[in-house]
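Asks: Pasting the sequence and the predicted model now:
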There are 2 protein chains.
Amino acid sequence: MAEEKRGNAGFGAGVPELLILRLLQEREMYGYEIVQAIGRATQDVVTPGEGVIYPLLHALEKDGALRAEPRPAGGRTRIYYTLTSRGVRRLFELSDDWSRLARAVQLVLRA
Amino acid sequence: MAEEKRGNAGFGAGVPELLILRLLQEREMYGYEIVQAIGRATQDVVTPGEGVIYPLLHALEKDGALRAEPRPAGGRTRIYYTLTSRGVRRLFELSDDWSRLARAVQLVLRA
DNA sequence: CCATATACCTTGTTAATCGATGTATTATAC
DNA sequence: GTATAATACATCGATTAACAAGGTATATGG
């Protein structure tokens, strides 16, 4: 049983990305807002800093999963992000991956 | 390496370590056996290679979480690992961390 | 005798995340 | 009124988990 193509892209990895996509599915948000929203939504279990979120947003936008729309707000500029159809697909993928992983681990823990 | 570096050591991270500790809680095993056991226990959802497992076993042993006992088996030597009390404590910690993370993520996904 | 499975090991690389830092503006507190 | 905190963007270096790929050696079934 050799010769198996495994595309293991890392375990549990990608949680911040998954949460970004999931939260943006509900409503558009700007980066700084997302940082707070993740902490709030997870009751501070997951609290990625701006150094995690901003680069992720840029990568996701470059990848076509998000659309970015700068909007002046007061004297500053907020960059609002919305999910593209590609982003929705990506969300489903990651969500699925996570569920499978979580189920597998839980299975072992409660064995 | 600090032994009490709790906090945000990365999300989802530590799944292979968690599974090693959990499986060794059931019965002692040798390295190669653990590699197969993880795949079987998770239905091939999680399949860390030997390049992941062996270094982890060494680190855990060095950290006092595991005790290693080499035993001749046929013409080779198998190194059997057992949990120490420290290892049990570590298992509970990681297990707890994982549960909290899984609960938090699931919460957001199903919101 | 040769391929495969067993059983150990290490090393180099990538990718995710962290922590710190930087710039600028606006709201607040004193 | 001016220090300070909060908002809002950004990047950069360090750390670390995990992976892929290799290496050694013995046992076993064709």
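Replies: In hand now; what should we look at?
Asks: Break down chain A into its strands, ranges please.
Replies: In chain A, the segments counted as strands under DSSP state E are A:29-30, A:66-73, A:76-83.
Asks: Tell me which other helices or strands the first one touches.
Replies: Contacts defined by 3 or more CB pairs under 8 Å, 6 or more residues apart in numbering or on different chains; DSSP states H and E place strand A:29-30 against strand A:76-83. Yep, even glycine has a C-beta here, placed from its N, CA and C like the rest.
Asks: With the second one instead?
Replies: Applying 3+ CB pairs under 8 Å, 6+ apart, one finds that strand A:66-73 makes contact with helix A:50-62, strand A:76-83.
Asks: List the strands paired with the shortest one, with their directions.
Replies: Yep, that's strand A:76-83 we're talking about. Note on strand A:76-83: by DSSP bridges, its sheet partners are strand A:29-30 (antiparallel), strand A:66-73 (antiparallel).
Asks: Buried residues, the longest one. List them.
Replies: Right, strand A:66-73. Judged by neighbour count (16 or more other CB atoms under 10 Å in any protein chain shown), strand A:66-73 contains these buried residues: A:Leu66.
Asks: what does chain A put close to chain B?
Replies: A:6, A:8, A:11-16, A:18-19, A:22-23, A:26, A:41-43, A:45-48, A:95, A:98-109, A:111 (CB under 8 Å from any CB of the partner chain).
Asks: Quick check: which of the strands of chain A is nearest to B:Leu60?
Replies: strand A:66-73 (39.7 Å; CB to CB).
Asks: ok now the closest one, how far from the chain's centre?
Replies: 18 Å (CA atoms, centre = their mean, to the nearest Å).
Asks: Any part of that strand near DNA strand D?
Replies: Yes: contact of strand A:66-73 with DNA strand D (CB under 7 Å from any atom of the strand) involves A:Ala73.
Asks: contacting residues around that strand?
Replies: With CB atoms under 8 Å, 6 or more residues apart in numbering or on different chains as the test, strand A:66-73 has contacts from A:24, A:30, A:57, A:60-61, A:77-84, A:87.
Asks: got it, and stretch A:93-111?
Replies: For stretch A:93-111, the surrounding residues in contact (CB under 8 Å, 6+ apart) are A:11-12, A:14-15, A:17-18, A:21-22, B:12, B:15, B:18-19, B:22-23, B:26, B:41-43, B:45-46, B:95, B:98-99, B:102, B:105-106, B:109.
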